[in-house]
Structure formats: structure tokens, C-alpha cells
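1. coordinates only, sequence not included:
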């Protein structure tokens, strides 16, 4: 009951306020509580995907960082460059 209430009330509030991190956390926790078997199965699958692709993602980020740092025009107009890689 609390998970359903959270999904119906608090998740939309977090969404409207632009609190994306909290919205996502609440949705994930509600999923874990309301459907624990499906949550465990999906979590396991996501961990496998993360393990398989994390090095590729970081390699791509490093290549983008290097290309941006080597760009002469960009170097003259910025002090620092930050590239972050994340799985979504």
C-alpha cells in the first residue's frame, strides 16, 4: 500500500519539482518492494550489462576527452573540460 501511494503521490511531486534523483530512487524502491522477484531478476541483468560494457563506456569517454583537449579552438575558449560516462 505504501509503495502504491508513493508511486501515485510522491513520485509525481518529485517529477514536477525536477528532483530526478529522488524520483528515480523512489520508483526503484517501490519496484523492489512491490515486485521483489522481478526486481532481483532485472537487477542481475543490469549488473551483467554494466560489467560487460563499463570498460567500453570509459574507453569512449577517454577518447572524447582526448579529442576535446586536442581541439585548438576549444582550448582557447575553455579552462577545463569534463566528460562523464554513465550507464542509463
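-> Looks like it arrived, so ask away. These numbers were taken from a predicted model, which means no experiment stands behind them.

2. for residue 14, which non-adjacent residue is spatially closest?
-> Nearest residue to residue 14, sequence neighbours excluded (CB to CB, 6 or more residues apart in numbering): residue 23, at 3.9 Å. C-betas here are computed from N, CA, C, even on glycine.

3. just checking, the one you found touches residue 7?
-> No: the criterion here is CB atoms under 8 Å, and residue 23 misses it with residue 7 at 10.5 Å.

4. where does the chain dip in pLDDT?
-> Within the chain, no stretch falls below the threshold (pLDDT under 70).

5. just the strands from it, written as ranges.
-> Taking DSSP state E, the chain contains no strands at all.

6. ranges for the helices of it?
-> Applying DSSP state H to the chain gives helices spanning 2-5, 11-16, 20-34, 36-70, 72-77.

7. check which helices and strands the shortest one sits against.
-> Applying 3 or more CB pairs under 8 Å, 6 or more residues apart in numbering; DSSP states H and E, we find helix 2-5 packed against helix 20-34.

8. one more: the longest one?
-> For helix 36-70, the helices and strands in contact under the criterion 3+ CB pairs under 8 Å, 6+ apart are helix 20-34.
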